[in-house]
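Colleague: For reference, the sequence and a predicted model appear below.
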Amino acid sequence: MIKKNYRRLITFIAVASLFVTDAYAQDGLGVGAIVGEPSGVSMKYWIDKSTAFDAAFAWSLADNSPFQFHADYLIHSSSLTSNSSEAKGSLQGYFGIGGRIKNINNESHLGVRVPLGATYLVSEVPVDIFAEISPVLDVKPTVNLNWNGAIGVRYYFH
């Protein structure tokens, strides 16, 4: 039990270190909540104006699974909304690739995620609201296709 918790802590620190960098960031580090499948804490770090890393430490409501972690590299499209001066923000579509680890009955399941979603970047406050779906191809312990889908909100620290 202690070894599992120790490995989870090391994994958390290693992944969190990806978000601590001096690289140019459009909006900095965002932290918030994700609700759906899975539900938990969501983070996003912008690398530049069109690419970002996101991650979630969450709990899956399916398969009696108490914990799920995923991390993705995302590419955003240009704004899907008008760039008029009256606009209160911008809506961007995105897609990406990443990985997921899920614990089901004390057995780790590893999978590849391909998220597809949209995020609304509010211009007056450092907040984004997002929705995404993601097919997940589990590759360990067996090959199996699953789906994630959720909505969420994040606050950005500059």
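Modeller: That came in fine, so what should we check first? In this text the structure is predicted, and so the values were computed from the model without any measurement.
Colleague: Does residue 133 have any beta-bridge partners, and if so which?
Modeller: As for beta bridges, residue 133 partners with residue 116, residue 149 under DSSP bridges.
Colleague: Give me the pLDDT value at it.
Modeller: The model reports residue 133 with a pLDDT of 98.
Colleague: What's the local residue count around it?
Modeller: By other C-beta atoms under 10 Å, 14 other residues sit near residue 133. Using the backbone N, CA and C atoms, a C-beta is placed for each residue, glycine as well.
Colleague: Was I right to think it contacts residue 118?
Modeller: No - Residue 133 lies out of contact with residue 118 (C-beta atoms under 8 Å); the separation is 10.3 Å.
Colleague: how many neighbours does residue 75 have?
Modeller: 12.
Colleague: Find me whatever residue is spatially closest to residue 140, sequence neighbours aside.
Modeller: Of all residues not flanking residue 140 in the chain, residue 110 sits nearest, at 4.2 Å (C-beta to C-beta, 6 or more residues apart in numbering).
Colleague: who does the helix or strand that contains residue 108 pair up with?
Modeller: Residue 108 belongs to strand 107-113 when assigned by DSSP states H and E. Applying DSSP bridges, strand 107-113 is found paired with strand 89-104 (antiparallel), strand 127-140 (antiparallel).
Colleague: what's near enough to touch the residue nearest to residue 140?
Modeller: By C-beta atoms under 8 Å, 6 or more residues apart in numbering, the contact set of residue 110 is 99, 100, 101, 138, 139, 140.
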